[in-house]
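Colleague: Sequence and predicted model, in that order:
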Amino acid sequence: MVPEAEVRDVLDELQRLRARVPLLTGALAASTDGLVVAHDTPGIEAEGVAALTAAALGVSIRMADATGRGDFRELLVRGENGYIATYAAGSSAVLTLLAEDRINVGRLHLEGRRAGARIGEVVDAAQSGADRPVPPPHTQQSRALPRRTTPDPT
């Protein structure tokens with residue numbers, strides 16, 4: 001799981017992205033296994049979108065591999081009322097954007113790729129920190145002073 005401070009950083013990035021691209025209607029960062037990291041998706045069930053993103057990601061990865069196209073980078077779905085774009089975000093997360101049909105798709109890709117890279121850096125750094133074992137607390141052994149012996153007066 002991603003620590004709270006990094007979740008806040010990811011949410012800030014999603015909100016900045018939505019401010020830069022007014023025709024975005026939602027933005028969601030999720031782990032590759034479908035768990036929500038952060039979202040700015042008014043009126044949309046984030047957990048459901050994250051789970052569907054993971055399913056689509058699985059198919060996309062297999063398709064790219066089967067056709068020799070290399071590692072997954074992005075997926076674009078166009079529906080009657082707009083776009084769903086998913087971008088790789090580091091090694092363990094994805095960024096899914098929801099956009100109106102009128103959006104400039106080139107701009108969507110440009111901004112989505114940049115935000116995905118930034119989110120990937122945050123999530124991967126948090127994951128690598130979580131994967132490292134926590135060192136045990138440093139305990140200083142008390143070294144007892146040598147006992148001073150006095151001669152027995154008897």
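Modeller: Now that the structure is in, tell me what you want to look at.

Colleague: What average pLDDT does the longest helix seen in the chain get?
Modeller: Taking residue count as the measure and DSSP state H as the definition, the longest helix of the chain comes out as helix 105-131. Averaged across helix 105-131, the pLDDT comes to 91.

Colleague: try stretch 75-89
Modeller: According to the model, stretch 75-89 has a mean pLDDT of 97.

Colleague: Contacts for it, please.
Modeller: The contact list for stretch 75-89, computed with Cβ atoms under 8 Å, 6 or more residues apart in numbering, reads 25, 29, 53, 56-57, 60, 71-74, 94-101, 103, 105, 108-109, 112-113, 115-117, 119-120, 123. For every residue, glycine as well, the C-beta is placed using N, CA and C.

Colleague: in it, what's buried?
Modeller: Using 16 or more other Cβ atoms under 10 Å as the test for burial, stretch 75-89 gives Leu75, Gly82, Tyr83, Ile84, Ala85, Thr86, Tyr87, Ala88, Ala89.

Colleague: For Leu98, which three-state class applies?
Modeller: Each residue gets one of three states, and Leu98 gets strand by DSSP: H, G, I helix; E, B strand; the rest coil.

Colleague: That one contacts Ala27, doesn't it?
Modeller: Yes - under the criterion of Cβ atoms under 8 Å, Leu98 makes contact with Ala27 at 7.4 Å.

Colleague: So between these two, which is more surrounded?
Modeller: Ala27 (28 against 22; other Cβ atoms under 10 Å).

Colleague: and the more buried one, that one's in a helix?
Modeller: No - the assignment for Ala27, made by three-state DSSP, is strand rather than a helix.

Colleague: what separates the residue nearest to Gln15 when sequence neighbours are not counted from Ala29, distance-wise?
Modeller: Leaving aside its sequence neighbours, Gln15 sits nearest to Asp40 (Cβ to Cβ, 6 or more residues apart in numbering; 5.5 Å). As judged by Cβ to Cβ, to the nearest Å, Asp40 and Ala29 stand 9 Å apart.

Colleague: do the same with Asn104
Modeller: 22 Å.

Colleague: same thing with Gly120?
Modeller: Computed with Cβ to Cβ, the distance linking Gly120 and Ala29 is 9 Å.

Colleague: Between the two, which contacts overlap?
Modeller: By the contact definition Cβ under 8 Å, 6+ apart, Gly120 and Ala29 are jointly contacted by Ala89, Ala93.
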